[in-house]
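**Q** Here is my input, please return the structure:
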Amino acid sequence: MNSHLEIQVNTRPAGKAQVVDVNGEIDLYTSQVVQKCLLNLMEQGQRYLVVDLEDVGYLDSTGLGILMNASGQLQDQGGSLAIVCTNERVLRIFELIGMLDSFRVCSSEAEALASFD
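**A** Numbering: from 1, shown residues only. This is a model prediction of the structure:
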């Protein structure tokens, strides 16, 4: 019953960016963990974030909203957000709601980090 509540979010520095590794499902119940992490990093002055969704099996509209808000806040501060995702299921969610072009979606962490230069 609690499996839908399981999510792991870890952060680590990578060049001028901070990488946020997410493992689990991002939905109404777990998205607050991701949101809190992103907000904390931005409050600490991070302007470049890479959100790695490679180990995310599901992403709902709540999670998309959090990513959109974080991306907008970073852009307002002269920064940027990049997403690492090759999972067809998750990419399809971005595509279905017309958000694939709204995010910098990369196929690897190296590509995401290079996109900040």
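**Q** quick one: Gln77 from Met42, how far?
**A** Gln77 sits 7 Å away from Met42, going by C-beta to C-beta, to the nearest Å. Where C-beta positions appear, they are placed from N, C-alpha and C, glycine not excepted.
**Q** Show me which of these two is the more surrounded one.
**A** Legend: neighbour count by other C-beta atoms under 10 Å for Gln77 and Met42, higher for Met42 (18 against 12).
**Q** The residue nearest to the more buried one when sequence neighbours are not counted: helix or strand, and which one exactly?
**A** Computed as C-beta to C-beta, 6 or more residues apart in numbering, the closest residue to Met42 that is not its neighbour in sequence is Gln73, at 6.1 Å. Using DSSP states H and E, Gln73 falls within helix 61-76.
**Q** can you tell me the average pLDDT over that helix?
**A** Across helix 61-76, the average pLDDT comes to 94.
**Q** same question, stretch 107-117
**A** Mean predicted confidence for stretch 107-117 is 95.
**Q** Against which helices or strands is the helix holding Gln73 packed?
**A** Here helix 61-76 touches strand 17-26, helix 31-43, strand 48-59, strand 80-84, going by 3 or more C-beta pairs under 8 Å, 6 or more residues apart in numbering; DSSP states H and E.
**Q** neighbouring contacts of it?
**A** For helix 61-76, the surrounding residues in contact (C-beta atoms under 8 Å, 6 or more residues apart in numbering) are 26-28, 31, 34-35, 38-39, 42, 47-49, 51, 80-81, 83, 93-94, 97, 99, 102-103.
**Q** partner residues bridging Pro13?
**A** Taking DSSP bridges as the rule, Pro13 bridges to Gln18.
**Q** That one and Asp76, how far apart?
**A** 23 Å.
**Q** Restrict stretch 6-25 to CA atoms and write it as CSV.
**A** C-alpha atoms of stretch 6-25 as CSV (Å, rounded to 0.1, in the frame of the first residue of the first chain):
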residue,chain,number,x,y,z
GLU,A,6,8.4,5.7,-2.1
ILE,A,7,10.7,8.1,-3.7
GLN,A,8,14.4,8.9,-3.3
VAL,A,9,15.9,12.3,-4.2
ASN,A,10,19.6,12.8,-3.9
THR,A,11,21.7,15.8,-5.0
ARG,A,12,25.3,16.1,-5.9
PRO,A,13,27.5,18.9,-7.5
ALA,A,14,28.6,18.6,-11.1
GLY,A,15,30.6,21.5,-12.4
LYS,A,16,28.6,24.7,-12.0
ALA,A,17,25.4,22.7,-11.7
GLN,A,18,23.7,20.6,-9.1
VAL,A,19,22.3,17.3,-10.2
VAL,A,20,19.1,16.0,-8.7
ASP,A,21,18.8,12.2,-9.0
VAL,A,22,15.2,11.1,-8.6
ASN,A,23,14.3,7.4,-8.2
GLY,A,24,10.6,6.3,-8.0
GLU,A,25,7.3,7.7,-9.2
